[in-house]
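Trainee: Provided below for reference: sequence and predicted model.
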Amino acid sequence: MTFFDLFDPRSLTFNIDNAMAMARCSEAAYPGSQTYDNVKRTETAEEWQLRVTDLLLSWGFAHIEFFDRNGSQAFLAGNKDLIVISFRGTEATALEDIAADLRVRQVGGPLAGRVHRGFLMALLAIWDDADTPNGRFIGIEHSLKTMKKVIDGSPALWITGHSLGAGLATIAAAFLLEEGRPVQGLHTFGCPRVGDSAFVTALDARSGKRNYRLVNNNDVVTRVPPRSFGYDHAGEFWYLSEKADLKCDPNSWYLFLDRSLGSLCDIGTAGVDAIKDHSMNSGVDGYIPALIKAQEKRTD
């Protein structure tokens, strides 16, 4: 049984099984670790692609493509029922990378309003076709159109990402919706604020209740850039509490109390709670462990 056996590609509402499958795709966008001669190192791009290809094939995806250019990475995976675009984010432990992600200059983007310049540039690096010293780079938008033509059926499109990848996923969905191309669902994990209120209003109007923004307890990245800099959040807010209760749009008092509890429970453990909660899958912290607990609570 795989994470996609319970996936509902035509779902119109939040579904925890769908969220878990998208979380696993977001995790797969990151390189793993390899150990040779007792030395642990990060996978090369080729090793990552080979491992994730095997993983996606085991999940039932017959069509797989990777994108890696100018520091931005993503993969596209499709079968007769669905196509998934998953964008790579920022490792929670790389604080210098997180700081670089949070440059706050805004520029015009898709739909309306303005978006984070760094997120937009990172997306366009792999979204559009481009001539490179190594030949013609075929971007995600072009590849998506081609994949839909070769798949026998009408697959639903799902987009996901974590951290920086969540920001890229959000803008990618906005580009597609602006062109009138259907996006069945957008799941983001640990998403920073991406654009101003005009962008958020336009995206929410186009996506309806198919944009699900998951936040894990004290995840610090979800609170930047600040609202005072002209940024806001899009999507339906789903909160994973310290005890892995999954709540839709909880009030500010509940958030304050639960985040305080999370910080209190973390005293005496290694690492910073706000950073550990941002990870996809780190020990007992992170989005995937919290979702596993939430699934277990559902079946208790």
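Mentor: Yep, it's here. Numbers count the residues shown, from 1 in each chain.
Trainee: residue ranges for the helices of this structure, please.
Mentor: In the chain, the helices defined using DSSP state H lie at 16-28, 45-58, 95-101, 117-127, 140-150, 164-178, 197-207, 252-266, 273-276, 287-299.
Trainee: Is it correct that Val224 is in contact with Pro192?
Mentor: Yes. If you go by Cβ atoms under 8 Å, Val224 and Pro192 touch, sitting 5.4 Å apart. C-beta here means a position set from N, CA and C on the backbone, and glycine is covered the same way.
Trainee: In terms of neighbours, single out the busier of those two.
Mentor: A direct count of neighbours by other Cβ atoms under 10 Å for Val224 and Pro192 places Pro192 higher, at 26 against 16.
Trainee: Contacts only, for that one.
Mentor: Under the criterion of Cβ atoms under 8 Å, 6 or more residues apart in numbering, the neighbours of Pro192 are 101-102, 116, 163-164, 166-167, 221-222, 224-225.
Trainee: Stretch 238-250: end-to-end distance?
Mentor: Counting by Cα to Cα, to the nearest Å, you get 8 Å between the two ends of stretch 238-250.
Trainee: can you list contacts of that stretch?
Mentor: 14, 16, 19, 212-217, 236-237, 254-255, 258-259, 261-262, 265, 287, 290-291, 293-294, 297.
Trainee: now do 6 Å
Mentor: The contact list for stretch 238-250 (Cβ atoms under 6 Å, 6 or more residues apart in numbering) reads 212, 214-217, 237, 258, 261-262, 290, 293-294.
Trainee: Can I get these in TSV including neighbour count?
Mentor: Converted to TSV, these look like this (neighbours: other Cβ atoms under 10 Å):
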residue	neighbour count
Tyr212	23
Leu214	28
Val215	23
Asn216	26
Asn217	27
Phe237	16
Asp258	20
Leu261	15
Gly262	21
Ala290	24
Lys293	17
Ala294	20
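Trainee: Can you give me the pLDDT of Val52?
Mentor: Here the pLDDT value assigned to Val52 is 96.
Trainee: Val272 now?
Mentor: Reported pLDDT for Val272: 52.
Trainee: just to revisit the earlier point, compare the helices of the chain and give me the one nearest Gly71.
Mentor: Proximity to Gly71, assessed across those by Cβ to Cβ, is greatest for helix 117-127 (7.1 Å).
Trainee: Report the angle between the closest one and helix 164-178.
Mentor: 70 degrees (axes from the mean of the first three to the mean of the last three Cα atoms, to 10 degrees).
Trainee: how close does the residue lying closest to Gly153 once chain neighbours are set aside get to Asn281?
Mentor: Spatial nearest neighbour of Gly153, excluding adjacent residues (Cβ to Cβ, 6 or more residues apart in numbering): Lys80 at 3.8 Å. Between Lys80 and Asn281 the distance is 29 Å, computed by Cβ to Cβ, to the nearest Å.
Trainee: So for these two, which sits in the more crowded spot?
Mentor: Using other Cβ under 10 Å as the criterion, Lys80 and Asn281 rank with Asn281 on top: 18 against 14.
Trainee: OK, contacts around that one?
Mentor: Per Cβ under 6 Å, 6+ apart, neighbours of Asn281: 27, 288.
Trainee: again, 7 Å this time
Mentor: Contacts for Asn281 (Cβ atoms under 7 Å, 6 or more residues apart in numbering) come out as 27, 288-289.
Trainee: Do you know the pLDDT at it?
Mentor: With respect to pLDDT, Asn281 has a value of 84.
Trainee: Repeat that for Ala94.
Mentor: 44.
Trainee: So for stretch 258-267, mean pLDDT?
Mentor: In the prediction, stretch 258-267 has an average pLDDT of 58.
Trainee: Likewise for stretch 197-215?
Mentor: Per-residue pLDDT values over stretch 197-215 give a mean of 93.
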